[in-house]
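> sequence and predicted structure below; questions after.
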Amino acid sequence: MADGPTYLRIADLLREEIRAGKWNPGDRLPSHNELADQMQVSITTARNAIQVLVAENLVYTATSRGTIVRNQEVLESVVTDHIRPDRPQSAHDIFEEIARAAHREPTKEFSAKMEPANPEVAHWLGVPEDSWVLARTVVQFLDNEPWSWEVSFYPRDLAEATGIDSPHDIPEGTTRRLADRGHAETAHRDTLVARPASAEEAIVLGVATGTILLDHLRIGANHERITRATRHRSIATRNRLAYELGDDEGSDVIRHTLGISYRPGISLP
């Protein structure tokens, strides 16, 4: 190992092993105890070495599985796909469509609850502060790797009228559910910000505090009202967001020129 602090030299060694293919995406690295024994160092030194790789987004930590090597592919999401009027009917939501098109295995952790609207959510939905809104939270995983954290807020009366207040995930997605129940969204406003992860976001996504995230806020509406506010947070270096605007003929020209077949979620280098 090169000169320098011991924990950095261990991190350098592990990094090179990952790049050389000794450790593949999804592989578990030695535990802190195992690494300390192998390198004849303290557990603190071993832990610090792993934290260097966590900060570089080369690995993540899972409570039940230890330190896992991350997939280094960038997942491209065409974020206008799920609102295309000619989107094919499917029993899967847009996240599952994107994941499976990229040959990744999607899973989720879902929860839903009614809660008082804080000032920010009340502003997004155009409802009184402290009025009841439905919050639907989904932590999304690809091949068991934490990928994104999405929270969607809906006015209570709309959630109850459309069955979105279900305590279970909706397989086809809420965009289709709203449309099927007579509340199709006709307009969206997206705001994208790149910013450092908070301590809470770092825990959920398995990254170091300060890791740059993409914070994507989408406000949906129909001709009468705001229907939702969805906040989607993901790791900036592992995600690419694309928008396709205009008619199908022009979009086909762009896809053909770029060598992109039309399907959501193409995994690109």
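Cool, the structure landed. Residues are numbered from 1 along each chain as shown.
> which parts of the stretch 151-269 of the chain are strands?
187-196, 212-221, 226-235, 239-242, 267-268 (DSSP state E, counting those that start in this stretch).
> to residue 171, which of the ones you listed lies closest?
Closest to residue 171 of the strands of the stretch 151-269 of the chain, according to C-beta to C-beta: strand 226-235, at 17.4 Å. In this view, the C-beta of every residue, glycine as well, is placed from N, C-alpha and C.
> about what we covered before: and the strands of the stretch 151-269 of the chain as CSV, adding mean pLDDT, distance to residue 251 and mean neighbour count?
Formatted as CSV, the strands of the stretch 151-269 of the chain follow (pLDDT from 0 to 100; distance: least, C-beta to C-beta, whole Å; neighbours: other C-beta atoms under 10 Å):
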stretch, mean pLDDT, distance to residue 251, mean neighbour count
strand 187-196, 95, 17, 12
strand 212-221, 96, 20, 19
strand 226-235, 96, 23, 22
strand 239-242, 88, 11, 16
strand 267-268, 36, 18, 14
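> can I get these in a markdown table with distance to residue 175?
Output for the strands of the stretch 151-269 of the chain, formatted as a markdown table (distance: least, C-beta to C-beta, whole Å):
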| stretch | distance to residue 175 |
| --- | --- |
| strand 187-196 | 10 |
| strand 212-221 | 8 |
| strand 226-235 | 9 |
| strand 239-242 | 17 |
| strand 267-268 | 23 |
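> tell me what the helix ranked longest in the chain is packed against?
Secondary structure assigned by DSSP state H gives helix 6-20 as the longest helix of the chain. With contacts taken as 3 or more C-beta pairs under 8 Å, 6 or more residues apart in numbering; DSSP states H and E, helix 6-20 sits against helix 32-39, helix 43-55.
> give me that answer again for 7 Å
helix 43-55 (3 or more C-beta pairs under 7 Å, 6 or more residues apart in numbering; DSSP states H and E).
> picking that back up, so which of the strands of the stretch 151-269 of the chain is nearest residue 32?
The nearest among the strands of the stretch 151-269 of the chain, by C-beta to C-beta, is strand 226-235 at 23.3 Å.
> how many residues are close by residue 23?
20 (other C-beta atoms under 10 Å).
> give the contact list for it.
17, 29, 69 (C-beta atoms under 7 Å, 6 or more residues apart in numbering).
> that's a helix at it, yeah?
No. Counting by DSSP: H, G, I helix; E, B strand; the rest coil, one finds residue 23 to be coil, located in no helix.
> how close does it sit to residue 105?
Residue 23 sits 19 Å away from residue 105, going by C-beta to C-beta, to the nearest Å.
> just to revisit the earlier point, which stretch among the strands of the stretch 151-269 of the chain comes nearest residue 159?
strand 226-235 (9.3 Å).
> mind pulling up the pLDDT for the closest residue to residue 208 other than its chain neighbours?
Counting by C-beta to C-beta, 6 or more residues apart in numbering, residue 55 is the residue found nearest to residue 208 once chain neighbours are left out, at 4.1 Å. Residue 55 carries a pLDDT value of 91.
> number of residues surrounding residue 55?
Using other C-beta under 10 Å, residue 55 has 15 other residues around it.
> going forward can the numbers begin at 51, since that is how I track them
Yep, numbering from 51; the last one is residue 105 now.
> do you know how far it is from residue 65?
To residue 65, residue 105 is 12 Å away according to C-beta to C-beta.
> just say helix, strand or coil for residue 198.
strand.
> list the contacts of the spatially closest residue to it that is not a sequence neighbour.
In space, residue 198 comes closest to residue 284 once its chain neighbours are excluded; the distance is 4.0 Å by C-beta to C-beta, 6+ apart. Applying C-beta under 7 Å, 6+ apart to residue 284 gives the contacts 197-198, 263-264.
> kindly state the beta-bridge partners for residue 284.
residue 198, residue 264 (DSSP bridges).
> now residue 123: how far from residue 231?
Distance from residue 123 to residue 231, counting by C-beta to C-beta: 36 Å.
> what sits against residue 64?
79, 99, 103.
> could I get those residues in a markdown table, plus columns for neighbour count?
Formatted as a markdown table, the contacts of residue 64 follow (neighbours: other C-beta atoms under 10 Å):
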| residue | neighbour count |
| --- | --- |
| 79 | 21 |
| 99 | 26 |
| 103 | 23 |
